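K.L.:
Next input, structure requested:
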Amino acid sequence: KLGLSGRAAFSVILGLGCSVTAVLSARGIAYASARRRAAFAAPFVPCSARLAVFTAITAYFGLGGLTVAAMYVCGFIAAVVVLKISSAFVRTDAAEKTILEIPPYRLPSPSRVARSVWSSVSSFVVRVGSVILCVGVIMWVLSNFSVADGFTGGGENSLMCTLASLVAPVFSPLGFGNWRAVTALISGIAAKETVVSVIASLGGLGEVFASRHAAVSFLIFTCLYVPCIATLGALAKENGAKSALLSALVHTLSAYLCSYLYYSAAVLIRTDTAATAAVWSCLAAVVATAAAVLTVKTKKKRRKPQAA
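P.N.:
Coordinates of the predicted model:
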């Protein structure tokens, strides 16, 4: 259906642990087109670092475990949609869809395991560690220095906060157009684990989000927006710099669109029930039409081989 072999499923599932590992694991896919597509879609699956953000915000606002589960469903759906769209633009080889025979498994020797682990660790440090170090230094400088006062040790006068204040109005339609939330998102580009700690250092979740709907909108954006710099570095090493830049753009646009749709619908529900019904009816009609078109195209493709 998606034009990939079963090996791509390993990369997507590994994304639940670490997106960097998921991208690097795509090397095991034999065909270049499938390898690039699997590495591109894997970061949409929420990693364990994002889970820390989900649990902290849902616990504070009493949203429950279903909200966390919904974030994972959202990530998997986004990955499937990206793979489906990319299959229309990338030519796939018929051999990619064949079923491969699983070879017999044998217990490896300790020396072979040690060599394999050393090779993987050294490859990770060389390929990704250098990128993490450079970006970490840049983030530290932005967070602790200002143009007027020099070293500030953090706070509202830092370059990071100044930059976040300039960008904050862009996020107003999403419900969290304040410099504190934007600062947390910028820090999350270096490492997603820092999002919660940055929010805590800037006044806490109560100061950042005005409502539960704004918090959920932030969760959706955090689930889908640009992956950490380590993942982008791995993607650039594997697929090229253009692929990494395209990944950052697609992630950000999809996150903004989904957050905007959710928050706009939440606001309409509170203010205008009729408008809400009209909007969701239009969306349902669009989804139904798209599903019908895809079903017809799939049936036509199945009939062609039979006719031949």
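
K.L.:
Give me the below-cutoff pLDDT ranges for the stretch 201-308 of the chain.
P.N.:
Low-confidence segments of the stretch 201-308 of the chain (pLDDT under 70): 270-288, 290-308.

K.L.:
Quick check: buried residues in stretch 238-245?
P.N.:
238, 239, 243, 244 (16 or more other C-beta atoms under 10 Å). To be clear about C-beta, it is placed using only N, CA and C from the backbone, and glycine gets the same treatment.

K.L.:
Please state the offset of it from the chain centre?
P.N.:
When C-alpha coordinates are averaged (C-alpha atoms, centre = their mean, to the nearest Å), stretch 238-245 and its chain have centres 16 Å apart.

K.L.:
and the one helix or strand residue 252 maps to, what other elements does it pack with?
P.N.:
Secondary structure from DSSP states H and E places residue 252 in helix 241-271. Helices and strands touching helix 241-271, by 3 or more C-beta pairs under 8 Å, 6 or more residues apart in numbering; DSSP states H and E, are helix 32-41, helix 65-87, helix 212-224, helix 229-239, helix 273-307.

K.L.:
could you give the angle of it to helix 32-41?
P.N.:
Inter-element angle recorded for helix 241-271 and helix 32-41: 40 degrees (by axes from the mean of the first three to the mean of the last three C-alpha atoms, to 10 degrees).

K.L.:
which parts of helix 241-271 are buried?
P.N.:
Of the residues in helix 241-271, 243-244, 247-248, 250-251, 254-256, 258-260, 262-268 count as buried by neighbour count, 16+ other C-beta under 10 Å.

K.L.:
Also stretch 29-44?
P.N.:
29, 31, 33-44.

K.L.:
With only the CA atoms kept, save it in CSV.
P.N.:
What follows is stretch 29-44 as a C-alpha-only set of coordinates in CSV (Å, rounded to 0.1, in the frame of the first residue of the first chain):
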residue,chain,number,x,y,z
ILE,A,29,16.8,-1.4,3.5
ALA,A,30,18.3,-2.5,0.2
TYR,A,31,16.7,0.0,-2.2
ALA,A,32,17.7,3.6,-2.1
SER,A,33,14.2,5.1,-2.7
ALA,A,34,12.6,3.0,0.1
ARG,A,35,15.6,3.8,2.4
ARG,A,36,15.2,7.5,1.9
ARG,A,37,11.4,7.5,2.4
ALA,A,38,11.6,5.4,5.6
ALA,A,39,14.3,7.6,7.1
PHE,A,40,12.2,10.7,6.1
ALA,A,41,9.0,9.4,7.8
ALA,A,42,10.5,7.8,10.9
PRO,A,43,10.9,11.0,12.9
PHE,A,44,7.2,11.7,12.8
